[in-house]
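1. this one's structure only:
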């Protein structure tokens with residue numbers, strides 16, 4: 001997904017950017033927190049909304 005967003009070098013986003021953006025889009029705050037990534041609730045919400053999140057990057 002990172003490579004798709006970055007395209008032909010127009011951007012230089014990394015996986016951390018995608019993770020933080022996912023936190024924000026799922027109302028989990030913007031702070032990078034490993035505990036969020038281990039949270040079953042967050043992972044479930046991410047799984048349920050991954051198509052929508054993916055769509056936000058490619059509008």
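-> Happy to help now that I have it. Owing to the predicted nature of the structure, the values given are computational and were not obtained by experimental measurement.
2. Where does the spatially most central residue of the chain sit, in terms of helix or strand?
-> Nearest to the centroid of the C-alpha atoms of the chain, with distances taken as CA atoms, centre = their mean, sits residue 22, at 3.1 Å. When secondary structure is defined by DSSP states H and E, residue 22 falls within helix 15-25.
3. Quick one: mean pLDDT for that helix?
-> For helix 15-25, mean pLDDT rounds to 87.
4. picking that back up, could you measure the residue nearest to the centre of the chain against residue 52, distance?
-> According to CB to CB, to the nearest Å, residue 22 and residue 52 sit 11 Å apart. For glycine as for every other residue, the C-beta is placed from the backbone atoms N, C-alpha and C.
5. Now for residue 23, how many residues are close by?
-> 19 (other CB atoms under 10 Å).
6. contact partners of the helix holding residue 22?
-> 1-2, 5, 28-32, 36-37, 46, 49, 52-53, 56-57 (CB atoms under 8 Å, 6 or more residues apart in numbering).
7. With respect to per-residue confidence, which of those is lowest?
-> pLDDT across the contacts of helix 15-25 is lowest for residue 57, at 75.
8. Could you tell me which of the contacts of helix 15-25 belong to helices?
-> Using DSSP state H, the subset of these located in helices is 2, 5, 36-37, 46, 49, 52-53, 56-57.
9. would JSON lines of those with neighbour count and distance to residue 17 be doable?
-> As requested, the ones in helices among the contacts of helix 15-25 are exported to JSON lines (neighbours: other CB atoms under 10 Å; distance: CB to CB, whole Å):
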{"residue": "2", "neighbour count": "14", "distance to residue 17": "8"}
{"residue": "5", "neighbour count": "16", "distance to residue 17": "9"}
{"residue": "36", "neighbour count": "18", "distance to residue 17": "15"}
{"residue": "37", "neighbour count": "14", "distance to residue 17": "15"}
{"residue": "46", "neighbour count": "19", "distance to residue 17": "15"}
{"residue": "49", "neighbour count": "15", "distance to residue 17": "18"}
{"residue": "52", "neighbour count": "10", "distance to residue 17": "18"}
{"residue": "53", "neighbour count": "15", "distance to residue 17": "13"}
{"residue": "56", "neighbour count": "11", "distance to residue 17": "13"}
{"residue": "57", "neighbour count": "15", "distance to residue 17": "10"}
